[in-house]
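Asker: dropping the sequence and predicted coords here.
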Amino acid sequence: MRIIIIGGGIIGLSIARVLYKEGFEVIVVERERIGRGASWTAGGMLAPQSEGLEIDEFFDFCIQARDMYKSFVEGIENDTDIKVDYWESGIFCPAYSEEEAQELKKKLEEYRKYGLTGGWLNRNEIEDNYKSLGPEIIGGVLYPDDSQVDNRLLMLALENYIRRKTMVKLYERTTAIGIFQTNGKFQGVKTDKGLLVGDACIIAAGAWSGEIDNIPVFPIKGEMAATDIEPDDIDRVFFGSRAYLIPRKSFTRLVIGATEENVGFKDGNTVKGVLQLLNGLKDTFPHMVERNVQEFWYGYRPGTPDTKPIICEGPYENLYYATGHYRNGILLAPITAKLFLDLFKYKKRSKYFDIFSYKRFEEKENE
Ligand SMILES: Cc1cc2nc3c(=O)[nH]c(=O)nc-3n(C[C@H](O)[C@H](O)[C@H](O)COP(=O)(O)OP(=O)(O)OC[C@H]3O[C@@H](n4cnc5c(N)ncnc54)[C@H](O)[C@@H]3O)c2cc1C
């Protein structure tokens, strides 16, 4: 069976890897170079609790993905000999005001009742661990089970895996421009280089997915920054309302994120974006204004009208969507790949194909 995957981001490549391993013929179509879309620009947090997500089916999906992550990265590391710096450091969510503290405590209680871990720490319980701590921080919540991965290393590893498998046909610098179907059945992908024929197709083109098949996905721009770091600057991710700060496991880089704007594909870092990020750092660890800046960059999250992904059958037989992962696509890669493995290998259709169907938006429109 020949499966064409449109998009070589973390979602497309994770699906390609598991399907290839099970003996499927896999074709990846990528407009630019694989692994350099949103998945390259992300923070790499695996953080359903720190994100403060509402408890619902999507939250469950995220928690399952977090539980799968260790074995997901171990599998990729074993396949490629590339370490991707997965780090179960826990994530601390600082409160910069009493109001924020109340909100964080409320969420913490909800998660605890749901059977998840977490605890409140007062300022005096953490202050001595750091060279400086922003004067407004009154305490915060520690979620020990939230974690992180170096998403760029992960993308390099996935890229390495796909490139070395000569049986995975890789068409880079090739743009999918539409789906070719007859009698409601998928036949092939129209590209700027010609038609690619296959038995099934998965559209995993991130924020650009809507350009291919009218899927309700749109870009949500995020700006990022990185600075140098010294080993005793910060020992785990700090995820605050002003910025999130992600020390890489190698202690060679602090990643600072992220702005969030619905401005379409508008390239470049802005002065206000950079100010927001660096002020967030200064408000959290004032001494870090002495560190050298390494990089500023930006990326496009694949957004959807309800911020949840679109993982489902498309309008034609043998056409599927795996997109719209918005703020959590790094986290959700292993579980998204598993849904397609279960579908193609075991003919087991997950309930998530209904929950995350694009049809939920049509139903809303018709109400
Ligand atoms: C600033 C920022 C911070 C983030 N932080 C986190 C985080 O901490 N944790 C987390 O879990 N998630 C995070 N995310 C979200 C995460 O990065 C995305 O949800 C995820 O990368 C989406 O993966 P993808 O494979 O769908 O998209 P992408 O990685 O964007 O890949 C899509 C690919 O499709 C290709 N493509 C597009 N159109 C076509 C076409 N017509 N033909 C062929 N190829 C095409 C693109 O070139 C691209 O390579 C963040 C995102 C941003 C922008």
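Answerer: Perfect, I can see it now.
Asker: up against the ligand, what does the stretch 51-200 of the chain have?
Answerer: Within the stretch 51-200 of the chain, the positions adjacent to the ligand are 175-176 by C-beta under 6 Å from any ligand atom. To be clear about C-beta, it is placed using only N, CA and C from the backbone, and glycine gets the same treatment.
Asker: how about a cut-off of 8 Å?
Answerer: Remark: the part of the stretch 51-200 of the chain in contact with the ligand comprises 148, 151, 155, 174-177, 191, using C-beta under 8 Å from any ligand atom.
Asker: the stretch 1-150 of the chain: strands as residue ranges?
Answerer: 2-6, 25-29, 45-46, 91-95, 119-122, 139-143, 147-148 (DSSP state E, counting those that start in this stretch).
Asker: in terms of secondary structure, what does whatever helix or strand comes next after the last one contact?
Answerer: Same thing as strand 147-148. As assigned by DSSP states H and E, the chain's next helix or strand after strand 147-148 is helix 151-164. Using 3 or more C-beta pairs under 8 Å, 6 or more residues apart in numbering; DSSP states H and E, the elements in contact with helix 151-164 are helix 10-21, helix 38-41, helix 57-80.
Asker: going by neighbour count, list what's buried in the last one.
Answerer: Right, the one you point to is helix 57-80. 58-59, 61-63, 65-66, 68-69, 72-73, 76-77, 79-80 (16 or more other C-beta atoms under 10 Å).
Asker: before we move on, what about stretch 228-239?
Answerer: Buried, per 16+ other C-beta under 10 Å, within stretch 228-239: 229, 233-234, 236-239.
Asker: how about these in CSV, adding secondary structure, pLDDT and distance to the ligand?
Answerer: Below are those laid out as CSV (DSSP: H, G, I helix; E, B strand; the rest coil; pLDDT from 0 to 100; distance: C-beta to the nearest ligand atom, whole Å):
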residue, secondary structure, pLDDT, distance to the ligand
I229, coil, 97, 17
D233, coil, 95, 19
I234, coil, 95, 16
R236, coil, 96, 14
V237, strand, 98, 9
F238, strand, 98, 13
F239, strand, 98, 9
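Asker: and the gap between I11 and L275?
Answerer: Distance, I11 to L275, by C-beta to C-beta, to the nearest Å: 32 Å.
Asker: out of these two, which sits in the more crowded spot?
Answerer: Between I11 and L275, counting by other C-beta atoms under 10 Å, I11 is the more crowded of the two (33 against 11).
Asker: contacts only, for the more buried one.
Answerer: With contacts defined as C-beta atoms under 8 Å, 6 or more residues apart in numbering, I11 is in contact with 39, 204, 206, 322-323, 325, 329, 332-333, 336-337.
Asker: show me those residues that map onto strands.
Answerer: 322-323 (DSSP state E).
Asker: show the buried residues in the contacts of I11.
Answerer: Using 16+ other C-beta under 10 Å, the buried ones in those are 39, 204, 206, 322-323, 325, 329, 332-333, 336-337.
Asker: and the stretch 251-367 of the chain, which residues reach the ligand?
Answerer: 257-259, 298-302, 322-333.
Asker: ok, 6 Å please
Answerer: 257-258, 299-302, 323, 325-331.
Asker: same list, those residues, but as a markdown table with pLDDT please.
Answerer: Converted to a markdown table, those look like this (pLDDT from 0 to 100):
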| residue | pLDDT |
| --- | --- |
| G257 | 98 |
| A258 | 98 |
| G299 | 98 |
| Y300 | 98 |
| R301 | 98 |
| P302 | 98 |
| T323 | 98 |
| H325 | 98 |
| Y326 | 98 |
| R327 | 98 |
| N328 | 98 |
| G329 | 98 |
| I330 | 98 |
| L331 | 98 |
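Asker: does Y320 touch I310 like I think?
Answerer: No: Y320 is beyond contact range of I310, at 10.0 Å (criterion: C-beta atoms under 8 Å).
Asker: hang on, the earlier thing: the strands of the stretch 1-150 of the chain: which one's closest to M224?
Answerer: Nearest to M224, of all the strands of the stretch 1-150 of the chain, is strand 45-46, at 12.0 Å by C-beta to C-beta.
Asker: any residues touching the closest one, and which ones?
Answerer: So strand 45-46 is in contact with 65-66, 69, 91, 146-149, 237, 239, 244, 246, 330-331, going by C-beta under 8 Å, 6+ apart.
Asker: what about it, near the ligand?
Answerer: Yes: residues of strand 45-46 contacting the ligand under C-beta under 6 Å from any ligand atom: M45.
Asker: show me what contacts the residue lying closest to M167 once chain neighbours are set aside?
Answerer: Once flanking residues are discounted, M167 sits nearest to Y20: 6.7 Å by C-beta to C-beta, 6 or more residues apart in numbering. By C-beta under 8 Å, 6+ apart, the residues touching Y20 are 26, 165, 167-168.
Asker: tell me the pLDDT at N366?
Answerer: Among the per-residue scores, N366 holds a pLDDT of 64.
Asker: S147 too?
Answerer: 98.
Asker: just checking, it touches A65?
Answerer: No: the pair S147 / A65 is not scored as a contact, 11.3 Å apart, by C-beta under 8 Å.
Asker: what is the burial count for the closest residue to A337 other than its chain neighbours?
Answerer: Leaving aside its sequence neighbours, A337 sits nearest to S14 (C-beta to C-beta, 6+ apart; 4.0 Å). By the criterion of other C-beta under 10 Å, S14 has 28 neighbours.
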